[in-house]
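[1] Generate a structure from the sequence data that follows.
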Amino acid sequence: MRVQIEPSSEDGSYPGRIAEGRFWIEYDLVPKGYLNVEDMAGDFVGGRMLQAGEDAAMVARQILRKKLRGSIAGLSGFIFCAVCVH
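    Here you go, the predicted model:
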């Protein structure tokens, strides 16, 4: 999954930045599922129980984005991309 951490410039001179991570859901102990998020190095970033009907990918992006706020330099396990091609 990817989250935007810096937007691109309006004139297109700066492409912006994203960070990538992974998520998975465990159903063993929590019937609705427990969402786990990790960086691309496999380090745990965060997690929480999902509510009925929640979009797991959206929640995972929120967790990843929250972790990135204010501490970009200290997150060595994240992959930062200047240009993202979908």
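
[2] Quick check: chain neighbours aside, which residue is closest to E26?
    Nearest in space to E26, with sequence neighbours left out and distances taken as CB to CB, 6 or more residues apart in numbering, is Y34 at 4.7 Å. Every C-beta, even on glycine, is put in place using the N, C-alpha and C of the backbone.

[3] Quick check on that neighbour: phi, psi?
    phi -110, psi 120 (degrees, to the nearest 10).

[4] That one and L50 touch, don't they?
    Yes: Y34 is within contact range of L50, at 7.2 Å (criterion: CB atoms under 8 Å).

[5] Quick one: mean pLDDT for the lengthiest strand in the chain?
    Taking residue count as the measure and DSSP state E as the definition, the longest strand of the chain comes out as strand 17-26. Mean pLDDT, computed over strand 17-26, is 91.

[6] Bridged to Y34, which residues?
    Going by DSSP bridges, Y34 is paired in beta bridges with E26, M49.

[7] From the chain's centroid, how far away is the strand or helix carrying V3?
    In this structure, V3 is located in strand 2-6 according to DSSP states H and E. Mean C-alpha position of strand 2-6 versus that of the full chain (CA atoms, centre = their mean, to the nearest Å) differs by 8 Å.

[8] That one - contacts with which helices or strands?
    Of the remaining helices and strands, those touching strand 2-6 by 3 or more CB pairs under 8 Å, 6 or more residues apart in numbering; DSSP states H and E are strand 17-26, helix 56-68.

[9] got the ones you listed as CSV, with distance to E38 columns?
    Formatted as CSV, those follow (distance: least, CB to CB, whole Å):
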stretch, distance to E38
strand 17-26, 5
helix 56-68, 9
